[in-house]
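Trainee: Kindly return the folded structure for what I paste below:
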Amino acid sequence: DLTVDSDAAAIVDAKWRLARRKAAVEWALTKTALSAQSKAVYREYVLEERPIGEVAAEFGIPRNSVSQIKTRVERLVSAIELEYGD
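Mentor: Residues are numbered from 1 along each chain as shown. From the prediction side, this is the model:
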């Protein structure tokens, strides 16, 4: 009789979701037609957790553009995650 307690199952599920998310982000940033600038902005703002103002200044774009890039990449990542399934 193989039983898994609910805490262990929740941890495994959370780790799976995190791994799936990371894989989807990596795919979006390496295998899609996003521009090099969009990929770089997303990396700096989301993955490196730099302030929006710093990222905007570094790339010479408005803060709103940084937000738009983040939203666009997040939508793409979500679509890729759906392809992975549960």
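Trainee: Now do the helices in this structure.
Mentor: Along the chain, counting by DSSP state H, helices occupy 6-31, 36-42, 52-59, 63-84.
Trainee: Would you mind putting the ones you listed into a markdown table with mean neighbour count alongside?
Mentor: Yep, even glycine has a C-beta here, placed from its N, CA and C like the rest. A markdown table is the format used below for these (neighbours: other CB atoms under 10 Å):
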| stretch | mean neighbour count |
| --- | --- |
| helix 6-31 | 13 |
| helix 36-42 | 17 |
| helix 52-59 | 15 |
| helix 63-84 | 15 |
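Trainee: Let me have those helices in TSV, adding mean pLDDT as columns.
Mentor: Shown next, in TSV, are the helices of the chain (pLDDT from 0 to 100):
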stretch	mean pLDDT
helix 6-31	91
helix 36-42	97
helix 52-59	98
helix 63-84	94
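Trainee: residues in contact with the residue nearest to the spatial centre of the chain?
Mentor: The centroid of the chain falls nearest to residue 25 when counting by CA atoms, centre = their mean (4.2 Å). Going by CB atoms under 8 Å, 6 or more residues apart in numbering, residue 25 touches 47, 77.
Trainee: now do 7 Å
Mentor: By CB atoms under 7 Å, 6 or more residues apart in numbering, the residues touching residue 25 are residue 77.
Trainee: again, but for the one 10 residues further on
Mentor: The neighbourhood of residue 35, defined by CB under 7 Å, 6+ apart, contains no residues.
Trainee: from now on call the first residue 59
Mentor: Got it, the first residue is 59 from now on, which makes the last one we talked about residue 93.
Trainee: now it: how far from residue 108?
Mentor: 19 Å (CB to CB, to the nearest Å).
Trainee: Neighbours of residue 103, how many?
Mentor: 22 (other CB atoms under 10 Å).
Trainee: pretty sure it is touching residue 110, no?
Mentor: Yes - between residue 103 and residue 110 there is a contact at 6.3 Å, judged by CB atoms under 7 Å.
Trainee: shared neighbours, those two?
Mentor: residue 124.
Trainee: Let's see stretch 132-144 as CSV, backbone CA atoms only.
Mentor: Extracted in CSV, the C-alpha atoms of stretch 132-144 (Å, rounded to 0.1, in the frame of the first residue of the first chain):
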residue,chain,number,x,y,z
GLU,A,132,4.2,36.4,-19.4
ARG,A,133,1.3,35.6,-21.8
LEU,A,134,3.7,33.7,-24.0
VAL,A,135,5.1,31.8,-21.0
SER,A,136,1.5,30.9,-19.9
ALA,A,137,0.7,29.6,-23.4
ILE,A,138,3.8,27.5,-23.4
GLU,A,139,3.0,26.1,-19.9
LEU,A,140,-0.4,25.0,-21.2
GLU,A,141,1.4,23.0,-23.9
TYR,A,142,3.3,21.1,-21.2
GLY,A,143,0.0,20.2,-19.4
ASP,A,144,-0.3,18.8,-16.0
